[in-house]
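> pasting a predicted model and its sequence here:
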There are 2 protein chains.
Amino acid sequence: MGLESRIQDTPGKPLVIAERPGKSGSPTALVYGNYDVQPPDPLEDWVSPPFEPQVRNGRLYARGAEDNKGQFFYVLKAIETLVQTDSLGCGIKVVLEGEEESEGSTALTAYAQEHPEEFAADILIVTDVNRVPSGEPTIIMGLRGIVAVEVELTGASYDLHSGLHGGIAPNPATAMARLISSFHNEDGSIAIEGFEKNIRPVSKKEKELAATAPFDAGQYEKQTGVPPVAGERGLPPFERVGFRPTLEINGLHSGYGGPGGKTIIPSTAVAKITSRLVADQAPAEAVRLIREHLARHAPEGLKMKIRGEEHGGPPMRVDPDSKSLRLAETALTKVTGRKPVFYYEGASIPVIPSLSKAAGAEPVLVGFGTEEGRAHAPNESLSLDDFKLGFLYACELLAAL
Amino acid sequence: MGLESRIQDTPGKPLVIAERPGKSGSPTALVYGNYDVQPPDPLEDWVSPPFEPQVRNGRLYARGAEDNKGQFFYVLKAIETLVQTDSLGCGIKVVLEGEEESEGSTALTAYAQEHPEEFAADILIVTDVNRVPSGEPTIIMGLRGIVAVEVELTGASYDLHSGLHGGIAPNPATAMARLISSFHNEDGSIAIEGFEKNIRPVSKKEKELAATAPFDAGQYEKQTGVPPVAGERGLPPFERVGFRPTLEINGLHSGYGGPGGKTIIPSTAVAKITSRLVADQAPAEAVRLIREHLARHAPEGLKMKIRGEEHGGPPMRVDPDSKSLRLAETALTKVTGRKPVFYYEGASIPVIPSLSKAAGAEPVLVGFGTEEGRAHAPNESLSLDDFKLGFLYACELLAAL
């Protein structure tokens, strides 16, 4: 494609790094992407196999079609096209990593901290985001952070007969349920002591920008099958997603799950928990507070094991006055013919804050995925029309640089 | 073996029925057993395959070794021996069914109601019980009833990205945890409205009999790995098991359970629940009250599906002045050289109350299994010494008849 590329080994998954110098005095764009994907299971829910891409009705179906292979690929195709037509003035750096979905980008975070010069750039282009559900072209103004905690409760050394032992032996499933129910207050807010302390106040300008993104509750329910009723009472949905933390159960497993029944008191219960953080909650502090809460609510008679933070990443908010934002806004408007909206994202890309710091570059987060794309779920897909739009946006942005 | 036997088809699993007339004027013993077993999973925890019996250190390991094949088998061997030595005076009826562990004995219950004459007897011999943990020979004085309810909460039509949707979409795992935590009060009692209403008061004599069974908390923890701290505060363990109902989570499953993490809001959560009932709680009434409680606590924004009573069975308590009890007490004392203890069982054998009624016979519940036998768990086993004890007890009891 006209870039010099290499595989960079790390203590974790390798990085793919590529580079092309720009014309003298021109700025450099750093393109970020991740080549790893979420686990594809449950496999039986896929219409076509997750790792055999298939086009149906103008959409490409495959794990990673949207998150993130399909989306960084249109930037690579834009670079290729600009190189082939001799219209690329700026310098290009590309870094693709393999630990975004499961390992919190540990390897890239460490490598970027140790070798910031390799990533020095003027703008950081990130496509690992979606448009707002209503479909407007979208500039992402913030990301939530994330920490993960796994809790295991162990009772008897084997599954007990629920008749012989019911009323004597503590039940890890029931105890886990009671533990989880202690995480939230009745109004939906998080009940972990001290959790709110470092949340940065939201400015008037940020609230105004957040209000540019429309939200249609009926449309949301039609798309997902569920009404948008979670989170804290009294806050609009986009503020709940953009400016408030969560404590979410991703998995909860105890005892028998097969057909029919099995009359046991399960010997263990496991909950996989992630918390989304907002600026300026620190990941390590959040994990410490969750651990302390769990310890305070430890159920009687059971052993509790807490596995810390498997992947932690800090939250971030983009400076509303950033120059890079204006470039993206112009490119987006030109390509789509519409004014972009500004959205404070609920998802996390833990590496972006540290990569942005290493590069000395402001991040521009624009992607073309939609909820229809079902990132993280079976039958993930990307519309080919959106792929083309992404390609044109990347061409415009890089040409403008 | 000298009995006339046949397979009796039913709308469910077939019955095995066998009969041998007694000498004129002699009483008839009805022997009950079940040939079905609990699911063997998790298979990987078995030292030897569950359906290939293996003797190790004086114990026979196999699914059903104790519950109930191993135990009704020693009664059959006792009958065979008495027949061979021409020392059987009483009439014998045997009924073995295949729906005790999973279907609540639906077929036998119906068949016995329709053909009570086939089961007419003077004593009902049941071995599907254990000795008390301390090992004393034990006469079971009561059984708890059982009802099963499965609850499913459904949110989005697919697993949602926990970042994009966290704070908007309700989480079925969290909601299920909160629902389950509503089942019990802080003191461990059941919080279902009206649940206590029909519980029969416990007489002084019953409390005294229950107190004959010793309980050693340290021994219990050593055996099971868990301290006996569940159930209602302020009641001794055997009263909690014998005279109080439970609401137990047998299985709880939602979202991701594989290695590492998966950042989703699960689309569904399922809880398998059984409740043990005590005399005179009616199964249908208990299910109705549980359903009403679930409906009252239905979480916002999620669909709740309740699957009723998969296997329901009534509770029972044996008359402390029963003649059959005295016969069993004498046989047990003779064979073991020890005074038996009287135990109000926490487990259920839903068919016994109706079989006892059809037969017009008082039930005698004596078994030789112990907690070491791990009924319902992997590596179920029966000690060969206990098998011999059971054989001798059955010989004595039948000879006395």
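Received it, and whenever you're ready, just let me know what you need.
> isn't residue A:261 up against residue B:250?
Yes: if you go by Cβ atoms under 8 Å, residue A:261 and residue B:250 touch, sitting 6.4 Å apart. (Glycine included, C-beta is placed from N, CA and C.)
> and for these two, which residues touch both?
Common contact partners of residue A:261 and residue B:250 (Cβ atoms under 8 Å, 6 or more residues apart in numbering or on different chains): B:272, B:274.
> so is stretch A:154-165 next to chain B?
Yes: applying Cβ under 8 Å from any Cβ of the partner chain, one finds stretch A:154-165 touching chain B at A:155, A:156, A:157, A:158, A:159, A:160, A:161, A:162, A:163, A:164, A:165.
> now the buried members of those residues.
A:155, A:156, A:158, A:159, A:160, A:161, A:162, A:163, A:164, A:165 (16 or more other Cβ atoms under 10 Å in any protein chain shown).
> measure stretch A:149-163 end to end?
Distance between the two ends of stretch A:149-163: 33 Å, counting by Cα to Cα, to the nearest Å.
> which ones are touching the nearest residue to residue A:258 once chain neighbours are set aside?
In space, residue A:258 comes closest to residue B:39 once its chain neighbours are excluded; the distance is 6.3 Å by Cβ to Cβ, 6 or more residues apart in numbering or on different chains. By Cβ under 8 Å, 6+ apart, the residues touching residue B:39 are A:256, A:258, A:260, A:262.
> who's in contact with the first one?
Residue A:256 makes contact with A:262, A:264, A:266, B:39, B:250, B:251, B:272, according to Cβ under 8 Å, 6+ apart.
> now do the helices in chain A.
Under the criterion DSSP state H, chain A contains helices at A:69-84, A:106-114, A:162-165, A:172-181, A:204-210, A:217-224, A:237-243, A:283-296, A:323-336, A:351-359, A:384-400.
> what sits up against the fourth one?
Where contact means Cβ under 8 Å, 6+ apart, the residues beyond helix A:172-181 that reach it are A:151, A:153-155, A:249, A:252, A:254-255, A:265-271, A:294, A:297, A:299, A:302, B:173-174, B:176-181, B:183-184, B:248-252, B:271.
> narrow the residues you listed to those in strands?
A:151, A:153-154, A:249, A:252, A:254-255, A:265, A:268-271, B:248-252, B:271 (DSSP state E).
> how close does the residue of chain A positioned farthest from its centre sit to residue A:5?
Most distant residue from the mean C-alpha position of chain A: residue A:164, 46.1 Å away (Cα atoms, centre = their mean). Noted for residue A:164: a distance of 65 Å to residue A:5, by Cβ to Cβ, to the nearest Å.
> next one: residue A:113
22 Å.
> taking the contacts of residue A:256 together, which two end up most distant?
By the measure Cβ to Cβ, A:266 and B:39 form the most distant pair in the contacts of residue A:256, at 13.5 Å.
> surely residue A:366 touches residue A:140?
Yes: Residue A:366 lies in contact with residue A:140 (Cβ under 8 Å); the separation is 7.0 Å.
> got any residues that touch both of the two?
Here residue A:366 and residue A:140 have residue A:129 as joint contacts, going by Cβ under 8 Å, 6+ apart.
> got the contact list for the closest residue to residue A:272 other than its chain neighbours?
Excluding the flanking residues, the one nearest residue A:272 by Cβ to Cβ, 6+ apart is residue A:251, at 3.9 Å. Shown in contact with residue A:251 (Cβ under 8 Å, 6+ apart): A:270, A:271, A:272, B:173, B:254, B:255, B:256, B:257, B:262, B:266.
> what about 7 Å?
Residues in contact with residue A:251, defined by Cβ atoms under 7 Å, 6 or more residues apart in numbering or on different chains, are A:272, B:254, B:255, B:256, B:257, B:262.
> can you pull out the low-pLDDT segments for the stretch 201-350 of chain A?
For the stretch 201-350 of chain A, the stretches with pLDDT under 70 are A:309-311.
> most proximal residue of it with respect to chain B?
Proximity of the stretch 201-350 of chain A to chain B (Cβ to the nearest Cβ) peaks at residue A:347, 2.9 Å away.
> assess the claim that that residue and residue B:162 are in contact.
No: with contact defined as Cβ atoms under 7 Å, residue A:347 does not reach residue B:162; the gap is 8.3 Å.
> excluding sequence neighbours, find me the nearest residue to residue A:79.
Residue A:79's closest residue in space is residue A:92 (Cβ to Cβ, 6+ apart), at 5.8 Å.
> for residue A:350, same thing?
Looking at residue A:350 with Cβ to Cβ, 6+ apart, the closest residue is residue A:313, at 1.9 Å.
> do the same with residue A:203
residue A:320 (8.0 Å).
> burial measure for that neighbour, as a count.
For residue A:320, the neighbour count with other Cβ atoms under 10 Å in any protein chain shown is 13.
> residue A:356 versus that one, what's the distance?
To residue A:356, residue A:320 is 16 Å away according to Cβ to Cβ.
> just residue A:247 next, same as before
From residue A:247 over to residue A:356 (counting by Cβ to Cβ), the distance is 27 Å.
> in the sheet, who's paired with the residue nearest to residue A:272?
residue A:272, residue B:255 (DSSP bridges).
> do you know how far it is from residue A:21?
According to Cβ to Cβ, residue A:251 and residue A:21 sit 47 Å apart.
> same check, this time on residue A:61
The value you get for residue A:61 to residue A:21, if Cβ to Cβ is used, is 38 Å.
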